[in-house]
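A.B. asks: Fold the following, please.
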Amino acid sequence: MQTNNEIRCSSTAVSYGKVLFELNIPRESVRKTREILEAVPQLSDLLMNPTVALKKKLAVIDRVFPEDMRNFLKTACRYRRVELMDEIFAAYDRCRDEQNKVLKAVLTCTAPPDEEQKKGMESFLCRKYGAEEAQIEVRYDADLLGGFILRAGSDEYDWSMKGRLDRLTQTLGGRR
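C.D. replies: Just a heads-up that it's a prediction; the model follows:
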């Protein structure tokens, strides 16, 4: 499963995501719209279907979605951008996180970190990247053999046993 931080966005989706953010629509309305589209994929199918009349699509939007999201969705529908909604929501989330100085990171480890370790990593990330908050998604990978890999933005901090063994192998292999 991809997180919003990992979804690659087209420039069109980024533009729409920025507009959605700048419209200052309540976060709850955006969340509810996203949930509706995820829970009922037939709605997205209908809104993307070129054989369905625009008038019918707009009527469905009026009946189903939060009032403050309707104009945005109608515009996305008119310009055939509904298929980009996942990317648009991801771009919106990034704008919101950037505005709120929230850094997203991924911690890959063999065992869950204790609360003190997690707080230490969050503190490190906030200092390093000038963020006010760091949100760490924890993933598990037994192949690391121990330790962890912390990814934030394009940076990677590899403190795993597998990473150390790989670096040692490269160093020894380079001396032959």
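A.B. asks: Wait, residue 148 touches residue 109, no?
C.D. replies: Yes. Residue 148 sits in contact with residue 109 when judged by Cβ atoms under 8 Å, with a separation of 4.0 Å. The C-beta positions use only the backbone N, C-alpha and C, and glycine is treated the same way.
A.B. asks: Quickly list what's touching both of the two.
C.D. replies: residue 160 (Cβ atoms under 8 Å, 6 or more residues apart in numbering).
A.B. asks: What about residue 109, how many residues nearby?
C.D. replies: Applying other Cβ atoms under 10 Å, we find 20 residues neighbouring residue 109.
A.B. asks: which ones are touching it?
C.D. replies: 138, 139, 140, 141, 144, 147, 148, 149, 160.
A.B. asks: how is the protein carved up into domains?
C.D. replies: 11-97, 101-174 (automatic domain parsing).
A.B. asks: Highest mean neighbour count out of the ones you listed?
C.D. replies: Burial of the domains of the chain is given as mean neighbour count (mean count of other Cβ atoms under 10 Å); domain 11-97 ranks first at a mean of 16.
A.B. asks: Show me where this structure has its strands.
C.D. replies: 102-109, 133-140, 148-152, 155-158 (DSSP state E).
A.B. asks: Export those as a markdown table, with columns for mean pLDDT and distance to residue 65.
C.D. replies: Formatted as a markdown table, the strands of the chain follow (pLDDT from 0 to 100; distance: least, Cβ to Cβ, whole Å):
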| stretch | mean pLDDT | distance to residue 65 |
| --- | --- | --- |
| strand 102-109 | 95 | 26 |
| strand 133-140 | 95 | 27 |
| strand 148-152 | 95 | 34 |
| strand 155-158 | 95 | 38 |
